[in-house]
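Chemist: Curious how this folds, go ahead:
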Amino acid sequence: MKVENIYGDLPILETERLILRKVTLEDIEDMYLYGSDEEVSKYVTWNTHQTMSDTKDFVDFVLNKYEHKQVSPWGIEYKENGKFIGTIDFVWWQPNHKIAEMGYVISKDYWGKGLTTEVAKEIIKFGFEDMDLVRIQARCDVENIGSARVMEKAGLSFEGIIRKGIFVKGKHRDLKMYSILKEEV
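Modeler: Residues are numbered from 1 along each chain as shown. Next comes the predicted model:
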């Protein structure tokens, strides 16, 4: 399985309440709403968006990834109102080893509704069925209780703590590691 086979034309995925699709320039305003929220960006590796230009730079980065058939995110659209509410992706994929790591972010306005779990389950299914993965993992800051709950509800198992596993925003952070194997779904 090659990256460009999947990411050459990122497929649209759909769940009961959400559409997973390519990010577009039309999403900048909605993305800025959550990207500029310090509570949303507290545990992610990227800095809080200070201006709409920060968001446009990120969208341009994503569009470039699509153009070059590289691992890139799906935008999450809420069917009920057509709003762009977040992104989810495999932040890295090692086709030779058949493993990938999932990452996501969602607008605070949509927290606590099970939406992140819903999209996580969908890309887990996609990873095992369409990408021939045998392992999908995800990590979160040890203080990020909400993200840990999403992983658990999506069926991932807690594996342990990666001590000082990432240097982000000027300090080393401990991470919780979760995973799910193909035979567990």
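
Chemist: Helices of this structure, start to end?
Modeler: Applying DSSP state H to the chain gives helices spanning 3-7, 28-35, 38-41, 52-67, 115-130, 145-153.

Chemist: Pull out the buried residues from the fifth one.
Modeler: Looking back up the chat, that one is helix 115-130. In terms of neighbour count (16 or more other C-beta atoms under 10 Å), helix 115-130 has its buried residues at 115-124, 126-128. Yep, even glycine has a C-beta here, placed from its N, CA and C like the rest.

Chemist: for those, which one is nearest residue 64?
Modeler: Nearest to residue 64 among these: residue 123, at 21.3 Å, using C-beta to C-beta.

Chemist: that older thread, can I get the buried residues of helix 115-130 in a markdown table including pLDDT and distance to residue 45?
Modeler: Converted to a markdown table, the buried residues of helix 115-130 look like this (pLDDT from 0 to 100; distance: C-beta to C-beta, whole Å):
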| residue | pLDDT | distance to residue 45 |
| --- | --- | --- |
| 115 | 98 | 21 |
| 116 | 98 | 17 |
| 117 | 98 | 21 |
| 118 | 98 | 23 |
| 119 | 98 | 19 |
| 120 | 98 | 18 |
| 121 | 98 | 23 |
| 122 | 98 | 23 |
| 123 | 97 | 19 |
| 124 | 98 | 21 |
| 126 | 96 | 23 |
| 127 | 97 | 21 |
| 128 | 97 | 25 |
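
Chemist: What lies in contact with stretch 117-130?
Modeler: Stretch 117-130 is contacted from outside by 6, 11, 13-18, 20, 74, 76, 88-90, 100, 102, 104, 133-134, 136, 138, 150-151, 153-155, 180, 182, 185, using C-beta atoms under 8 Å, 6 or more residues apart in numbering.

Chemist: let's see it at 6 Å
Modeler: With C-beta atoms under 6 Å, 6 or more residues apart in numbering as the test, stretch 117-130 has contacts from 13, 15, 18, 76, 88, 100, 133, 136, 150, 153, 154, 182.

Chemist: Ok, stretch 163-181 next?
Modeler: 45, 135-142, 148, 151, 155-156, 158-162.

Chemist: List the buried residues of that stretch.
Modeler: Buried residues in stretch 163-181, counted by 16+ other C-beta under 10 Å: 165, 173, 175, 176, 177, 178, 179, 180.

Chemist: again with stretch 16-34
Modeler: Judged by neighbour count (16+ other C-beta under 10 Å), stretch 16-34 contains these buried residues: 17-23, 27-28, 30-34.

Chemist: Brilliant, that's me finished.
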